[in-house]
Structures are given as structure tokens and as C-alpha cells.
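Asks: Below are the sequence and a predicted model for it; my questions follow.
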Amino acid sequence: MVLDINPEEVDVVISAIHADLSFLEAWRPFLSPYHLIIVQDPELEQNVEVPSGFDHTLYTKHDMERILGSGVLSSLGFRGHSCRSFGYLVSKKKYIFSLDDDCLPAKDPNGNLTNALEHHLINLKTPSTPFFFNTLYDPYRKGSDFVRGYPFSLRQGVPCAISCGLWLNLPDYDAPTQIRKPEERNTQYVDAVMTVPNAALFPMSGINIAFDREIIGPAMFSGLGSSGSAKTALSRHSTLEDIWCGFCCKIICDHLRYGIKTGLPYVWRKELGDPVANLEGDVKGVQLLEEIVPFFQTVRLPRSALTVEDCFVEISKQVKENLKNADPIFGEIGSMMEEWIKAWKSVSS
């Protein structure tokens, strides 16, 4: 597929949780035409070192406080990888590509480096098909189409809001699975893209992701669990921040008739981290998922919710009403979600 890419439509958002961003050198052939928004973890004390030659804007804690105010910044909990949400907030571009600093460009089965950003943009610029599953996966890819029996009335698809990429080498496992399979590596490069079906939840990972900010931007809040009592319960290591964000996005996309794709592109993950150190947070996250998933499976949005902002605020209200008995932290999370929408409207105005 020939893709018309305008670099002025794209921001690349990087959460700087380490001072050394030399991993960007491996991405230079693919990212050099684009503007980078680099958000420094407010708890990182060292100066961030960005390789020369990249068009970038670096946001520090001081910058975040200047734009949001120290009180709002504290309440939104932009710490660790969740600080990437601040980049989503201040961007003015249509498309956002975000990846973690342990990711390198992956190679396809022929040994060629793949352009993850280009693959994401192909996913986002072609329709998605959430309301009827195509057994040849994405019918808009070269070499594919709609199979026999696919209703013609649904073949125009709906706009794609999010493109969720995957990982070679180190899959995005939780700590219990990493401990059980310490030597397991993903070597399968599956050349496929598919739309997540309507009404199906899925675990969205923020490691390698792109989205249409004009469509779904207000729902891309991954700051959960870094403020107050929620900090220990829903830390980044509990694996729930991006998962929670994905649940909210999926409910909203289903309601507003947008789609989410998963599959290509891949990145190469090079760092495992310490699964034993992460175990405590992950176990808490696994336990909370048993309450969270049934909740999202029953969330219904009113017809009066016509925008992403409306939907997100409605979900926050239902979180407060229906999850607070499961754990008091959900009352705080609902308030954080409401604060996020206020910040989004304020910065976007």
C-alpha cells in the first residue's frame, strides 16, 4: 500500500524514565522526519540526554507544573511510563506514536528492519471492521479482501482509532508468567492485522502503540495509580495503567462506532526487568482485574454521550458508583479521570 505521510500530522511521544535516550539512535532512520515530544518522569532527577539531530520538545516537571499547575499534576499522577499521557495532552497533531525506551526496530522474516510508525499509520488511515469478523483479517491490506459471506453493507468499515503493535523477543507478560517461563522469547513474526471485535475487551499495551488523537485522544489517560492511596495498588508494575486505559477506550469505541486494530507492527523488546521485584504489584493487579473486567463487561453508555469526553466522564461516574465497594481506590480513580478531562479541555482550548 502506498501511504501518503505528512510528518506535520504526527508526533512521537516518548516517556523518559531514564536519562539516557540513546535507544533513539536505532530509530533515527524512521523517526528523523518527525517531531518528538519527550516527557521526563517528574521523579527522574538526572538531565535527560537526547541524541543530537532529532526535532524534539522536552517537557520537565517544571514545564508540566507551568502548564497544569502543581496540584493538577500531582492529582493526575504522571509518573513512570504514565507520564506519556502528558505528551498526548500537549500534542496538537492528528496522529500519535508512542513506544517504550526498551524497544528497538524489529526485523521481518527476510531480515529487513521494519518501519513501525509507517505500519501504524497504515492501520490508522484504513478502516476497521469491529462489527463482523473477516477471516482473512484486515481486508484493506494488500493481498487481502472481504471473504465470501461478508455483508456488503458493512464493507465500508468504520474509522480506526487505535493501532496496537506487538513485540518480538520479550512478550508483554505479567510477572507471574515471566517467573514461570523465564527463558521464553517470542520469535513468531505473524504478518497479520485484525480488528478487535465489537463488545470484546482486550489487554491494551502502551509499549508500542499509535492512535488518532482527533478521534480518541481524550480517552488516552494512563496515569492511574500514581497518586495518593492508589499508588501502591495500581502502580505501573501492576500492569493496569495501560490495561485500564484500553478498557475505557474499547467501551468508548464500541459506543461511538470506532475500531481498534492489533497485530503489526512489531518492535524488538530488549529488557526484561526484574519480575520478582514486580511480583507484588502484579499480584495485586491480577486480583483487581477479577473485579475490573466484570465491571467493564457491564458498562453501558447513554445515548446522550455523544463525544469521547462525555463517554469518559460517564465511565468515571460508574467507576465511583459500582467499583468503590470492591476497593476504595476506585473512588480516587474516578476522580482522577474527571480531573484528566478538565485538563484536556483546558489545554485544548
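Replies: Received, thanks.
Asks: same for the longest helix seen in the chain, what does it pack against?
Replies: Counting residues, the longest helix in the chain under DSSP state H turns out to be helix 275-298. Using 3 or more CB pairs under 8 Å, 6 or more residues apart in numbering; DSSP states H and E, the elements in contact with helix 275-298 are helix 175-180, helix 230-233, helix 241-256, helix 308-323. Every C-beta, even on glycine, is put in place using the N, C-alpha and C of the backbone.
Asks: Just send these back as TSV, with mean pLDDT, mean neighbour count and distance to I38 too.
Replies: Shown next, in TSV, are the helices and strands packed on helix 275-298 (pLDDT from 0 to 100; neighbours: other CB atoms under 10 Å; distance: least, CB to CB, whole Å):
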stretch	mean pLDDT	mean neighbour count	distance to I38
helix 175-180	87	16	28
helix 230-233	43	17	24
helix 241-256	96	24	19
helix 308-323	96	20	25
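Asks: Quick one: closest of these to W344.
Replies: Among the helices and strands packed on helix 275-298, helix 308-323 comes nearest to W344, with 7.1 Å by CB to CB.
Asks: Skip ahead from the closest one and say which helix or strand is next.
Replies: Going down the chain from helix 308-323, the next helix or strand is helix 329-348, by DSSP states H and E.
Asks: Going by neighbour count, list what's buried in that following helix.
Replies: Using 16 or more other CB atoms under 10 Å as the test for burial, helix 329-348 gives 329-341, 343-344.
Asks: quick revisit: got the helices and strands packed on helix 275-298 as CSV, with distance to L24 columns?
Replies: Shown next, in CSV, are the helices and strands packed on helix 275-298 (distance: least, CB to CB, whole Å):
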stretch, distance to L24
helix 175-180, 26
helix 230-233, 29
helix 241-256, 21
helix 308-323, 31
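Asks: Could you list the buried residues of the longest helix of the chain?
Replies: Quick answer for helix 275-298 (16+ other CB under 10 Å): P275, N278, L279, G281, D282, K284, G285, L288, L289, I292, F295, F296.
Asks: hmm, back to that, for V48, which of the helices and strands packed on helix 275-298 is the nearest?
Replies: Nearest to V48, of all the helices and strands packed on helix 275-298, is helix 241-256, at 21.2 Å by CB to CB.
Asks: angle of that closest one against helix 308-323?
Replies: Orientation note: helix 241-256 sits at an angle of 120 degrees relative to helix 308-323 (axes from the mean of the first three to the mean of the last three CA atoms, to 10 degrees).
Asks: Find the centremost residue of this protein, please.
Replies: G206 (3.6 Å; CA atoms, centre = their mean).
Asks: so which of the helices and strands packed on helix 275-298 gets nearest Y88?
Replies: Across the helices and strands packed on helix 275-298, closest to Y88 is helix 241-256 (CB to CB), at 10.3 Å.
Asks: Leaving out the residues flanking it, which one is nearest to P302?
Replies: Leaving aside its chain neighbours, P302 sits nearest to E314 (6.7 Å; criterion: CB to CB, 6 or more residues apart in numbering).
Asks: contacting residues for the one you found?
Replies: L301, P302, A305 (CB atoms under 8 Å, 6 or more residues apart in numbering).
Asks: hang on, the earlier thing: of the buried residues of helix 275-298, the lowest pLDDT goes to which?
Replies: On pLDDT alone, G281 ranks lowest of those, at 64.
Asks: and D11, that's in a helix?
Replies: No. Using DSSP: H, G, I helix; E, B strand; the rest coil, the assignment for D11 is strand, not a helix.
Asks: And for it, the neighbour number?
Replies: Other residues lying near D11 total 23 when counted by other CB atoms under 10 Å.
Asks: where's it relative to G217, distance?
Replies: Note on D11: its distance to G217, by CB to CB, to the nearest Å, is 11 Å.
Asks: Between those two, which contacts overlap?
Replies: Contact criterion CB under 8 Å, 6+ apart; residues shared by D11 and G217: I96.
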